[in-house]
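A.B. asks: Just to be clear, the model below is a prediction. Sequence and coordinates:
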Amino acid sequence: MTRYIRYHSLYAAIAAHAERNAWDITACRRAVRRSEALLAALQHHTETDPAWLAHGVDRVRRFCAEELELARAADEEQLSQSYSPRRWGFWDQYGGPATVLGTVDVRDGVLRPGRHPCPPAVKDLFAPLLSLAAQDVVSFADLETAWQAALGVPCPAEREWLTDVLTATRDGGTHSQGDWEAPDRTRRATLRILGRAIDLHGHEGDGYQETLRSAVAFGGEATTDPVLAAIPETAGWRGVLLRHYSVGAWRRLWAALVADVGSKDGEADRSAGELRDWLAQQAPDANVLLDDLPPLKNAAGQLLPVERQLLTQGADAPRTNVLLLMVGALRSREGHLPDDVRAVFLGRQRRWAEFLDPTWVDGLIDDYADRPVRDLAARLVDDMLAQSRRVALAKLRTDPATGGLKIFSRLHLRNERYYKTGDEGDSDIGTRIPQLGSLAAQLGLFAVRDNCHTVTAQGRRILETNP
């Protein structure tokens, strides 16, 4: 969702405008919603590049018959009928990254300029649009006066400013550590790692995240390549990307389990025993033998992409995900990963084994070493159900409307049988690497040629990816 630099510029301009006019929360929220609706209307009304799809454009169309009914499109009372059902519109998605980026600060709920405030030229870019945001109805002729704010319309000042912010540089691409805070330096390091990964593996035609994995998670380049080895954050990203496989496996297993359960009004409710059988019947008919797994390292001690190999068998197959959890458990053992990588893989704040983490699974492997994989699969179901219960109780709240307790869970237990009120998502937790790569491409640091990622000459210079 947070894929456009233009929205980051918009929110920074709104924050500057809000400070100048001493706006409160209500005024900030109104400006955000109306400005987003105006951007969507610009996309709908003008002949902009179809590659740029403004957020909310599909929902704003019905308010653009003979003119833009802006007050209705951005209505804060009838949210479900507006361009966005969220009270703060798409700021809900961009707000976290924008505050980390430092382009916007949020003080007591009010938008204000961040440590990297919006420059005058970028404020001027949005001045016509913010002026229109005060109107309840906007004619198409007036809307066209804000054309320069539309997605895909180049703004050199915006590109220069956000390139400096994203890459922690000044004066055309010079980085000085003392000028930047820790989050800025970490972001720059991540971009450098991604840029170098593209230099090494961009020709393979994978997305940004898989390209990063090829260079950092597996093989020896993380420690042998002169650029990657000199960046301390490389080890951290190796730990994150490897742990990401285990997290994804748990999410897919849990989603598949919940999908097998019926609603409270149906006939497909399940007992714990039936759910154990559901997974056990899909497990291999053999004992828990680690020798059956592909080797995790080559003869030189470099990590092999076993996780990728398993996923080619089908990410939705419960058996695949059980095996991914076992691989993660083996990766967690002392000596398998370098200490700095293992610390991130297990969690820097970790003091002991946590429920469902790789060391937890490793303990189960030891416990079930001489038993069928089906028994281990059944145990995993018990652990997932128990963890679901713990999370639900931790989120337990009083419902002000009824005075009763409200449980935030899609799986519920009644008379020793489970039923669901909705399905669980099985998509991977985001690493934000794809979004970071997309932002860098919009700023001219990366490019795509023949369906392969490349680093531009400007990108190599600013990110210092050449050895």
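C.D. replies: Happy to help now that I have it.
A.B. asks: For the residue lying closest to Ala283 once chain neighbours are set aside, pull up the helix or strand it's in.
C.D. replies: Residue nearest to Ala283 in three dimensions, not counting chain neighbours: Ala377, with 4.0 Å by C-beta to C-beta, 6 or more residues apart in numbering. Any C-beta I mention is one placed from the backbone N, CA and C, and that applies to glycine too. Using DSSP states H and E, Ala377 falls within helix 373-394.
A.B. asks: So which residues make contact with that helix?
C.D. replies: Applying C-beta atoms under 8 Å, 6 or more residues apart in numbering, the external contacts of helix 373-394 come out as 250, 253-254, 257, 272, 275-288, 318, 322, 325, 355-356, 360, 364-365, 368, 407-409, 411, 413, 418.
A.B. asks: Just the buried residues out of these, in ChimeraX syntax.
C.D. replies: Buried members of the contacts of helix 373-394, defined by 16 or more other C-beta atoms under 10 Å, are picked up in ChimeraX with:
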select :250,253,254,257,272,275,276,277,278,279,280,282,283,288,318,322,325,356,360,364,365,368,407,409,411,413,418
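A.B. asks: Touching, Leu279 and Arg270? I think so.
C.D. replies: No - using C-beta atoms under 8 Å, Leu279 is not in contact with Arg270, being 11.5 Å away.
A.B. asks: re earlier: for the residue nearest to Ala283, the count of nearby residues, please.
C.D. replies: 24 (other C-beta atoms under 10 Å).
A.B. asks: and the gap between it and Gly314?
C.D. replies: Distance check for Ala377 against Gly314: by C-beta to C-beta, to the nearest Å, it reads 16 Å.
A.B. asks: Over to Phe446?
C.D. replies: Separation of Phe446 from Gly314 (C-beta to C-beta): 31 Å.
A.B. asks: likewise Leu70?
C.D. replies: Separation of Leu70 from Gly314 (C-beta to C-beta): 48 Å.
A.B. asks: Compare these two (neighbour count), which wins?
C.D. replies: In terms of neighbours (other C-beta under 10 Å), Leu70 is the more surrounded of Leu70 and Gly314; the figures are 26 against 11.
A.B. asks: Can you tell me the closest non-neighbouring residue to that one?
C.D. replies: That would be Val138: by C-beta to C-beta, 6+ apart, it lies 5.2 Å from Leu70.
A.B. asks: Was I right to think the one you found contacts Ala73?
C.D. replies: No - Val138 lies out of contact with Ala73 (C-beta under 8 Å); the separation is 9.5 Å.
A.B. asks: and Arg417, what is it in contact with?
C.D. replies: Neighbour list for Arg417: 269-271 [criterion: C-beta under 8 Å, 6+ apart].
A.B. asks: Any of those buried? List them.
C.D. replies: Buried positions within these, assessed by neighbour count (16+ other C-beta under 10 Å), are 269-270.
A.B. asks: quick check, nearest of the contacts of Arg417 to Gly205?
C.D. replies: Relative to Gly205, the closest of these is Arg270; by C-beta to C-beta it sits at 42.4 Å.
A.B. asks: For Gln281, see how far away that closest one is.
C.D. replies: Distance, Arg270 to Gln281, using C-beta to C-beta: 13 Å.
A.B. asks: ok, longest helix in this structure?
C.D. replies: Secondary structure of the chain per DSSP state H: the longest helix is helix 233-259.
A.B. asks: elements contacting that one?
C.D. replies: helix 182-201, helix 208-216, helix 221-224, helix 272-280, helix 318-331, helix 339-346, helix 358-367, helix 373-394 (3 or more C-beta pairs under 8 Å, 6 or more residues apart in numbering; DSSP states H and E).
A.B. asks: Give me the distance from it to the chain's centre.
C.D. replies: Distance of helix 233-259 from the chain centroid (C-alpha atoms, centre = their mean, to the nearest Å) equals 13 Å.
A.B. asks: By neighbour count, which bits of it are buried? Give me those.
C.D. replies: 233-258.
A.B. asks: Can you give the contact residues for stretch 68-82?
C.D. replies: So stretch 68-82 is contacted by 29-30, 33-34, 36-38, 41, 45, 59-60, 63, 83, 85-87, 89, 132-133, 135-140, 143 (C-beta under 8 Å, 6+ apart).
A.B. asks: Separate out the buried members of these.
C.D. replies: By neighbour count, with 16+ other C-beta under 10 Å, the contacts of stretch 68-82 hold 29-30, 33-34, 36-38, 41, 45, 59-60, 63, 83, 89, 132-133, 138, 143 as buried.
A.B. asks: Against Asn298, how distant is the closest residue to Pro295 other than its chain neighbours?
C.D. replies: Spatial nearest neighbour of Pro295, chain neighbours left out: Leu304 (6.1 Å); criterion: C-beta to C-beta, 6+ apart. According to C-beta to C-beta, Leu304 and Asn298 sit 6 Å apart.
A.B. asks: what's the lowest-mean-pLDDT helix or strand in the chain packed up against?
C.D. replies: The helix or strand of the chain with the poorest confidence is strand 405-406; it has a mean of 78 (mean pLDDT, DSSP states H and E). Secondary-structure packing of strand 405-406 (3+ C-beta pairs under 8 Å, 6+ apart): strand 397-398.
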